[in-house]
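K.L.:
Quick one: sequence plus predicted model below, questions after.
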Amino acid sequence: MLSNTHLGRLLIACFACLATQTQAEQTMTITVTKGFGITQYASELEDAKQLAVGDNGTLFVGSGKGGTITALVDSNNDGRVDRRYVVGKGLDNPEAIAFHKGHLYVALDDKILRYEEIEQRLRRPGRPKEIYSKLPGDTKKSARYMAFGPDGRLYIAIGAPCNVCEAESPFGSVIAIDVDTGASEQIATGVRSVRGMDWAPEDGKLWFADIGRDWMGDNLPPDEINRIDIKGMHYGFPYVHASNVIEPAYEKPENLKVVSPVYELPAHVSPMGMLFYRGEQFPAEYHNQLLVAENGSWNRSSKIGYQIVVLTLDQGEVKRRETLISFLDGEFPVARPYGMALGADGSLFISDDLKGNVYRFFYRHEAEEEAPTQEEQP
């Protein structure tokens, strides 16, 4: 729940005029924290999922249902897309992507592909190289997320293929892969649906968001923010949800040690993308703090989530959670934020898997304060 003080920091950033079935216009709003702005960076990206930024600033967008990877280019750095290229199409659920040392990595149903030197080959990407072939299938019910760690390995979260079940490994785990040798190591187990992770700038520890199970009511179980202090630990699924919500369908093994979340989010906010803000554009209070995209509640009696929040940390503990952007207008979601990526100028890119948009969120400098807001045409 936001305090009245914080609500005072929010303002309407842009208006979306949506035609109803009767053709009458209805005004929808996106709100952002005072001092910030938001624009639509790109549209028509199907169910835009994970984002990745190349060395030259190219923004790559993975689309799960659409089966495409799209590259967006802003050649004159004016905050608008100049060119777009389809890097891959007809792929099997390529929602998880990562960029590293000039190459784009894409997780499919049972393997990981690499598009080499991709920013020099956007017009003709060529055939990707298969670099890992041991992923389990059935990604329709198994969420994937990828990111490169400080050690140069590719970390991939492999969700459980169910609402709640005792899934066989590597389902429900986070593994790290050496992309040169194919060697892999299990980093965490007992996770349900991880679609966001990042390493803390201060100590290099891996944090990840985990979405709780459905159908336990409006307020259970809490969604989770976790941290890996010791490799190979179990994070509770399916036996214990959050800190102490016991799963009635499965009994926890007697000797199993479970790691509790660092922080509990409200149930059904559905945390997806997350990152530590490493840019310089935002005010100092946001530097090295944790941003989380809450995709929103699909099975709750009233809506919750549909926003970007900042978790303010102090010595590894979350002290407060505040809204940066709200995409919820009453009970109507204007967008469902999914992935996030940091632009070279310190602005934040946000994907929307509801309408297939990408938004650019930025801090307004004094010269920009009176700039007109942008209208979104659906």
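P.N.:
Right, received. Where do you want to start?

K.L.:
alpha carbons only for contacts and neighbour counts from here, please
P.N.:
OK.

K.L.:
In contact with the residue positioned nearest the centre of the chain: list those residues for me.
P.N.:
What sits nearest the mean C-alpha location of the chain, by Cα atoms, centre = their mean, is Gly273, with 1.5 Å. Applying Cα atoms under 8 Å, 6 or more residues apart in numbering to Gly273 gives the contacts Gln50, Arg195, Gly196, Met197, Ala209, Val292, Ala293, Glu294, Tyr338, Gly339, Met340.

K.L.:
again, only this time at 6 Å
P.N.:
Contacts for Gly273 (Cα atoms under 6 Å, 6 or more residues apart in numbering) come out as Arg195, Gly196, Val292, Ala293, Tyr338, Gly339, Met340.

K.L.:
Would you double-check that the fifth one falls in a helix?
P.N.:
No. Assigned with DSSP: H, G, I helix; E, B strand; the rest coil, Tyr338 falls outside any helix and is strand.

K.L.:
I'd say it and Ser351 touch.
P.N.:
Yes. Tyr338 is within contact range of Ser351, at 5.4 Å (criterion: Cα atoms under 6 Å).

K.L.:
And stretch 251-265, what's buried?
P.N.:
Lys252, Val258, Val259, Ser260, Pro261, Val262, Tyr263, Glu264, Leu265 (16 or more other Cα atoms under 10 Å).

K.L.:
Equivalent analysis for stretch 128-138, please.
P.N.:
Neighbour-count burial for stretch 128-138 [16+ other Cα under 10 Å]: Pro128, Ile131, Tyr132, Leu135, Pro136.

K.L.:
quick one: pLDDT of the third one?
P.N.:
Spelled out, it's Tyr132. Per-residue pLDDT puts Tyr132 at 97.

K.L.:
what's the answer for the first one, then?
P.N.:
Reading off the confidence values, Pro128 has pLDDT 97.

K.L.:
Could you double-check that it sits in contact with Glu116?
P.N.:
No. Applying Cα under 6 Å, one finds Pro128 not in contact with Glu116, separated by 7.1 Å.

K.L.:
So Gly126 versus Glu44, what's the distance?
P.N.:
From Gly126 over to Glu44 the distance is 24 Å, taken as Cα to Cα, to the nearest Å.

K.L.:
what ranges do the helices span in the protein?
P.N.:
Counting by DSSP state H, the chain has helices at residues 4-7.

K.L.:
quick one: low-confidence parts of it?
P.N.:
1-27, 138-140, 365-378 (pLDDT under 70).

K.L.:
re the thing from before, mind listing which of the buried residues of stretch 251-265 are in strands?
P.N.:
Tyr263, Glu264, Leu265 (DSSP state E).

K.L.:
just checking, the second one touches Pro221?
P.N.:
Put plainly, it is Glu264. No. The pair Glu264 / Pro221 is not scored as a contact, 9.3 Å apart, by Cα under 6 Å.

K.L.:
mind listing the strands for the stretch 251-378 of the chain?
P.N.:
Assigned by DSSP state E, counting those that start in this stretch, the strands in the stretch 251-378 of the chain fall at 263-265, 271-276, 290-294, 307-314, 317-326, 328-329, 332-333, 337-342, 348-352, 357-363.

K.L.:
Just send those strands back as JSON lines, with distance to Ser301 too.
P.N.:
Converted to JSON lines, those look like this (distance: least, Cα to Cα, whole Å):
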{"stretch": "strand 263-265", "distance to Ser301": "18"}
{"stretch": "strand 271-276", "distance to Ser301": "18"}
{"stretch": "strand 290-294", "distance to Ser301": "17"}
{"stretch": "strand 307-314", "distance to Ser301": "18"}
{"stretch": "strand 317-326", "distance to Ser301": "19"}
{"stretch": "strand 328-329", "distance to Ser301": "15"}
{"stretch": "strand 332-333", "distance to Ser301": "13"}
{"stretch": "strand 337-342", "distance to Ser301": "20"}
{"stretch": "strand 348-352", "distance to Ser301": "22"}
{"stretch": "strand 357-363", "distance to Ser301": "26"}
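
K.L.:
out of the ones you listed, nearest to Ile38?
P.N.:
strand 357-363 (4.5 Å; Cα to Cα).

K.L.:
Thanks a lot, catch you later.
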